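Participant: what would the 3D arrangement of this be:
(chains A and B, ligands or ions: 2)
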Amino acid sequence: MATTEPQVLATDVAATAVAAPAANALISVRALDAFFGATRAVRDVNLDFLEGQVTAIIGPSGCGKSTLLRCLNRMHETVTTARVEGEVRLDGKDIYERSVNPIEVRRRIGMVFQRPTPFPTMSVRDNVTAGFRAAGRAAPSRAEQHAIAEWALHRAALWAEVKDRLNDSAMALSGGQQQRLCIARALATKPRVLLLDEPTASLDPLSTQKIEELVYELRGDVTVVIVTHNMQQAARVSDRTAFMLLGDLVEVAPTSRMFTSPSDERTEAYITGRFG
Amino acid sequence: MTSRAPRRSIRARRARSAAMVALTVVAALLATLPLVLILGLLLKQGASSLNWAFFTAMPKPVGETGGGMANALAGTLMLIAIASAIGLPVGIGAGMYLAEHRGGRLASVVRFLSDVLNGLPSIVVGIFAWQFLVRPVKHFSALAGGIALAAMMIPLVARATEEMIRLVPNSLREAALALGYPRWRTSLTVVLRTALPGIVTGALVAVARIAGETAPLLFTAFGNQFWSTSLTQPISALPLQIFSYAISPYEEWHSLAWAGALVLLALVLVISLIARYVTRSRFGHGHD
Ligand SMILES: Nc1ncnc2c1ncn2[C@@H]1O[C@H](COP(=O)(O)OP(=O)(O)O)[C@@H](O)[C@H]1O
Ligand SMILES: [Mg+2]
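Facilitator: Ligands and ions are numbered 1, 2, ... in the order given. Just a heads-up that it's a prediction; the model follows:
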């Protein structure tokens, strides 16, 4: 932590107009706007994601949760007409700086989507090592690949279920298993940040519970940002919760406080179910 | 009392439905009838001339019995190879472009032109190839024939590739990009790879389609009574040989033409069966 201190100070100087990032922020978002053509889907967001913690982003459908999430690993710009303004600092360095390669950013920040997206032509093992293989200059040996796959599948709490099916098609797994496979695939490159965009929205309750337990297990080692429309889920898995409405970040607070005494009346209206 | 009228109308509706079903069954049978008749006729007329020599022997001069179509068979395979070597990469590449730049101006122009090319009578393709590939060098060639066939393949392959790539969900592309795949790697190892069985099917359908084409070869490959595997010389092909034997006055040649037609049909059938098998294995794979 001490070594990052000077960088944090440098950030302060650069972003004079807005709040300094929290001391333990791994990602700090400053004055972020995200556009689709002329529409501004995310407006002037300032938000810190604290290292090793789970941050939940909640809010009604269409409020910009996914868009904000996709700005954190530069996936937003893969949509034609999409544009970003503002800063996203990872470890103090702005990922939108001109010298930064978006591919490098995406390799350091894992992402999992609402619907499971295993590569249908690859085996279970090859799916897990896909990102790892793409990142290396030289092709990793079979033994190395197997070791990585085993490690990542253990982390994703999937090893016991697939250890005898590593060469099978990933499409043969159940939906919940496929989603944990995608988490394993994202973890295989050992990212410091994991972005989850409604990872349980298409899953049954039991698979949902497994993924929530997994997210709980990951805290400490990995900084997790999870988008969810399910407030109980946010309450169960997150340390901090951010509430968005119509592209604005309304409030961010420790989860326990957010759900007991929110400071903004719009937050209170949402979590008590008066709209949404 | 009151139920009688509705019951009658139900009976009438059932009868109408049965009649319509019967009509569609008849239509379905009629649709397959030509193939069955052609197959029957070819077997009756051609099977007797079909022997080992047909595949291995060269044509005999008029008056001598026996002989085969070894040169025409080799020529057809070679023309298919030339056409595929040119048509598949260009067609697949164009299809990838069309799929990745759906709304682009160039893409819509290319898409429209390839549809026009697809509908172009094959004789026009032949004349065009003659004008640009035969006339300047002043002689017919296998290469000119292969290129003419490739021109017919390209739009078929391009549109099939485009359709198949479009079937690959965008979420898969996003997943690859989010893993840190560069765009080219995403296109090749994820999108194209996922669409590959469908593209192979499309390519095989295109090969089957051109295998029996005659018109584009008339002024390009031209035909050849002798054995040739040279790119720059006229080359024989099954459809050309069938044509020239069929219009000849000799009984012996007529039956060879029937045998040639049977072999050509068998070739197309085999390619179509392979295409079917590839399609089947694509969908028998399990889905989300
Ligand atoms: N690809 C896109 N093109 C144009 N507008 C989009 C696109 N994706 C999302 N939007 C718009 O951006 C806004 C925020 O969407 P999103 O971030 O997906 O919301 P959420 O994830 O909170 O449901 C919505 O109004 C949506 O219509
Ligand atoms: Mg969303």
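
Participant: ok, A:Ala186 - contacts?
Facilitator: A:110-112, A:131, A:194, B:178-179 (CB atoms under 8 Å, 6 or more residues apart in numbering or on different chains). All C-beta atoms are positioned from the backbone trio N, CA, C, and that covers glycine.

Participant: just the ones of the residues you listed in strands?
Facilitator: Of the positions in these, A:110-112, A:194 sit in strands, assigned by DSSP state E.

Participant: contact residues of the stretch 101-250 of chain A facing chain B?
Facilitator: A:103-104, A:106-107, A:110-111, A:113, A:115-117, A:119-121, A:130-131, A:134-135, A:169, A:171-172, A:175, A:178, A:182, A:185-186, A:189 (CB under 8 Å from any CB of the partner chain).

Participant: filter these down to the buried ones.
Facilitator: A:103, A:106-107, A:110-111, A:113, A:115-117, A:119-121, A:130-131, A:134-135, A:169, A:171, A:178, A:182, A:185-186, A:189 (16 or more other CB atoms under 10 Å in any protein chain shown).

Participant: which residue is nearest the middle of the chain?
Facilitator: By default, I'm working from chain A. A:Leu195 (1.1 Å; CA atoms, centre = their mean).

Participant: chain B, not that one
Facilitator: Central residue of chain B (CA atoms, centre = their mean): B:Arg209, at 1.8 Å.

Participant: give me every residue that touches the nearest residue to A:Thr117 once chain neighbours are set aside.
Facilitator: Excluding the flanking residues, the one nearest A:Thr117 by CB to CB, 6 or more residues apart in numbering or on different chains is B:Ala175, at 3.8 Å. Contacts for B:Ala175 (CB under 8 Å, 6+ apart) come out as A:113, A:117, A:119, A:182, B:190.

Participant: pLDDT score for B:Ala175?
Facilitator: Predicted confidence (pLDDT) for B:Ala175: 95.

Participant: confirm it sits in a strand?
Facilitator: No. B:Ala175 is assigned helix when assessed by DSSP: H, G, I helix; E, B strand; the rest coil, not a strand.

Participant: OK, contacts around A:Leu218?
Facilitator: A:54, A:155, A:194, A:224.

Participant: if we use 10 Å, what do you get?
Facilitator: A:52, A:54, A:155-156, A:183, A:187, A:194, A:196, A:224, A:237 (CB atoms under 10 Å, 6 or more residues apart in numbering or on different chains).

Participant: and which of the residues you listed is nearest to ligand 1?
Facilitator: Nearest to ligand 1 among the contacts of A:Leu218: A:Leu196, at 12.3 Å, using CB to the nearest ligand atom.

Participant: so the closest one is in which element?
Facilitator: strand A:193-197 (DSSP states H and E).

Participant: and the biggest helix by length in chain B, what does it pack against?
Facilitator: Using DSSP state H, we find that the single longest helix of chain B is helix B:4-46. On a contact count with 3 or more CB pairs under 10 Å, 6 or more residues apart in numbering or on different chains; DSSP states H and E, helix B:4-46 meets helix B:251-283.

Participant: which elements pack onto the helix it packs on?
Facilitator: Partner elements for helix B:251-283 (3+ CB pairs under 10 Å, 6+ apart): helix B:4-46, helix B:52-56, helix B:70-100, helix B:193-211, helix B:238-246.

Participant: one more pass at 6 Å, please.
Facilitator: helix B:4-46, helix B:193-211, helix B:238-246 (3 or more CB pairs under 6 Å, 6 or more residues apart in numbering or on different chains; DSSP states H and E).

Participant: mind putting those in CSV, mean pLDDT and distance to ligand 1 included?
Facilitator: Putting the helices and strands packed on helix B:251-283 into CSV (pLDDT from 0 to 100; distance: least, CB to the nearest ligand atom, whole Å) gives the following:
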stretch, mean pLDDT, distance to ligand 1
helix B:4-46, 89, 43
helix B:193-211, 92, 22
helix B:238-246, 93, 50
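
Participant: turn those into TSV, columns for distance to A:Asp126.
Facilitator: Listed next are these as TSV, based on distance: least, CB to CB, whole Å:
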stretch	distance to A:Asp126
helix B:4-46	43
helix B:193-211	11
helix B:238-246	43
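
Participant: for these, which one sits closest to B:Gly63?
Facilitator: helix B:238-246 (14.3 Å; CB to CB).

Participant: which parts of the closest one are buried?
Facilitator: B:238-245.

Participant: sorry, back to before: pLDDT for the ones in strands among the contacts of A:Ala186 - can I get that in a markdown table?
Facilitator: Listed next are these as a markdown table, based on pLDDT from 0 to 100:
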| residue | pLDDT |
| --- | --- |
| A:Gly110 | 94 |
| A:Met111 | 96 |
| A:Val112 | 96 |
| A:Leu194 | 96 |
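
Participant: quick one: which of those residues is nearest B:Ile123?
Facilitator: A:Met111 (54.7 Å).

Participant: tell me which stretches of the stretch 1-150 of chain A form strands.
Facilitator: Remark: strands assigned in the stretch 1-150 of chain A by DSSP state E, counting those that start in this stretch are A:25-36, A:39-50, A:54-58, A:82-90, A:93-94, A:109-112.

Participant: for chain A, what spans make up the helices?
Facilitator: Counting by DSSP H, chain A has helices at residues A:5-14, A:65-71, A:102-108, A:124-135, A:142-155, A:159-162, A:175-187, A:205-218, A:231-237, A:255-260, A:265-271.

Participant: make CSV out of the ones you listed and add mean pLDDT.
Facilitator: Below are the helices of chain A laid out as CSV (pLDDT from 0 to 100):
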stretch, mean pLDDT
helix A:5-14, 41
helix A:65-71, 96
helix A:102-108, 93
helix A:124-135, 89
helix A:142-155, 91
helix A:159-162, 92
helix A:175-187, 94
helix A:205-218, 91
helix A:231-237, 92
helix A:255-260, 90
helix A:265-271, 89
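
Participant: please name whichever of these is nearest to ligand 1.
Facilitator: Short answer: helix A:65-71, nearest of the helices of chain A by CB to the nearest ligand atom, at 3.2 Å.

Participant: what about that closest one and ligand 1, touching?
Facilitator: Yes. Using CB under 6 Å from any ligand atom, helix A:65-71 reaches ligand 1 at A:65-67.

Participant: list the contacts of A:Ala184.
Facilitator: A:128, A:152-153, A:156, A:158 (CB atoms under 6 Å, 6 or more residues apart in numbering or on different chains).

Participant: one more: B:Thr186?
Facilitator: B:173, B:176-177.

Participant: which among the residues you listed are in contact with chain A?
Facilitator: The overlap between the contacts of B:Thr186 and the neighbours of chain A (CB under 6 Å from any CB of the partner chain) comes to B:Leu177.

Participant: who wins for most neighbours among the contacts of B:Thr186?
Facilitator: With neighbours taken as other CB atoms under 10 Å in any protein chain shown, the top of the contacts of B:Thr186 is B:Ala176, carrying 24 neighbours.

Participant: from A:Ala269, how far out is it?
Facilitator: 40 Å (CB to CB, to the nearest Å).

Participant: A:Ala31: neighbour count?
Facilitator: Neighbours around A:Ala31, by other CB under 10 Å: 14.

Participant: once you drop chain neighbours, what's closest to it?
Facilitator: With CB to CB, 6+ apart as the criterion, A:Ala31 has its nearest non-adjacent residue at 4.2 Å, and that residue is A:Gly86.

Participant: quick check, pLDDT for that neighbour.
Facilitator: For A:Gly86, pLDDT reads 94.

Participant: could you do B:Ile123 as well?
Facilitator: pLDDT recorded at B:Ile123 is 93.

Participant: ok, B:Tyr250 next?
Facilitator: 89.
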